[in-house]
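J.: no sequence on this one, just coordinates:
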């Protein structure tokens, strides 16, 4: 989260940091590859690219909060500032569901990265939106997140799983 959001803030503002200006500008204003004859004008008064990147940053912030909850005590019991739920146990499925879904989506996306990276390194041209430097800065952040989130989820699962009492007593007797 701390690497992802600062990298995307200039892009939200329309600054093509680590990006080729012309293709970035086309994409930012909804005229990039994949839109065909139907460019997107934008949403809520924002250019399409800024809206998309803003949503990604919100999801990254929520993912960061989720990851902190997976490793913190407030991920086990609802904090006192949440009315009606304060002090109650967090059902394990509540944080684990977005953890598993997010992990699967990121890992699925990363399976396309070798092809994308090889194309980027072989044909780094002004037609590519992101420069090779931008790709080489962004990819390690994604890989770190792909490793950290499932590990935090596994740790949370292990801490919150219910142990079968009969099995636990059988193990304790030995």
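T.: Noted; the coordinates are in hand. Bear in mind the structure is a predicted one, so any value in this text is a computation, not a measurement. Residues are numbered from 1 along each chain as shown.
J.: in the chain, which helix has the most residues?
T.: Criterion DSSP state H: the longest helix present in the chain is helix 132-160.
J.: quick one: buried residues of it?
T.: The neighbour-count check on helix 132-160 (16 or more other CB atoms under 10 Å) flags 134, 135, 138, 145, 146, 149, 150, 152, 153, 156, 160 as buried. (Glycine included, C-beta is placed from N, CA and C.)
J.: need these in JSON lines with pLDDT and distance to residue 16, can you?
T.: Output for these, formatted as JSON lines (pLDDT from 0 to 100; distance: CB to CB, whole Å):
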{"residue": "134", "pLDDT": "79", "distance to residue 16": "9"}
{"residue": "135", "pLDDT": "77", "distance to residue 16": "14"}
{"residue": "138", "pLDDT": "81", "distance to residue 16": "14"}
{"residue": "145", "pLDDT": "89", "distance to residue 16": "23"}
{"residue": "146", "pLDDT": "90", "distance to residue 16": "26"}
{"residue": "149", "pLDDT": "93", "distance to residue 16": "29"}
{"residue": "150", "pLDDT": "95", "distance to residue 16": "33"}
{"residue": "152", "pLDDT": "95", "distance to residue 16": "33"}
{"residue": "153", "pLDDT": "96", "distance to residue 16": "35"}
{"residue": "156", "pLDDT": "96", "distance to residue 16": "38"}
{"residue": "160", "pLDDT": "93", "distance to residue 16": "44"}
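J.: still on that earlier bit, in terms of secondary structure, what does the longest helix of the chain contact?
T.: Under the contact definition 3 or more CB pairs under 8 Å, 6 or more residues apart in numbering; DSSP states H and E, helix 132-160 sits against helix 4-12, helix 48-71, helix 93-110, helix 113-122.
J.: for the shortest one, the distance to its chain's centre please.
T.: The gap between the average C-alpha position of helix 4-12 and the chain average comes to 13 Å, counting by CA atoms, centre = their mean, to the nearest Å.
J.: and it, average pLDDT?
T.: The average pLDDT for helix 4-12 rounds to 92.
J.: ok, now stretch 80-96?
T.: 94.
J.: so where does residue 41 fall, helix or strand?
T.: Using DSSP states H and E, residue 41 sits in no helix or strand.
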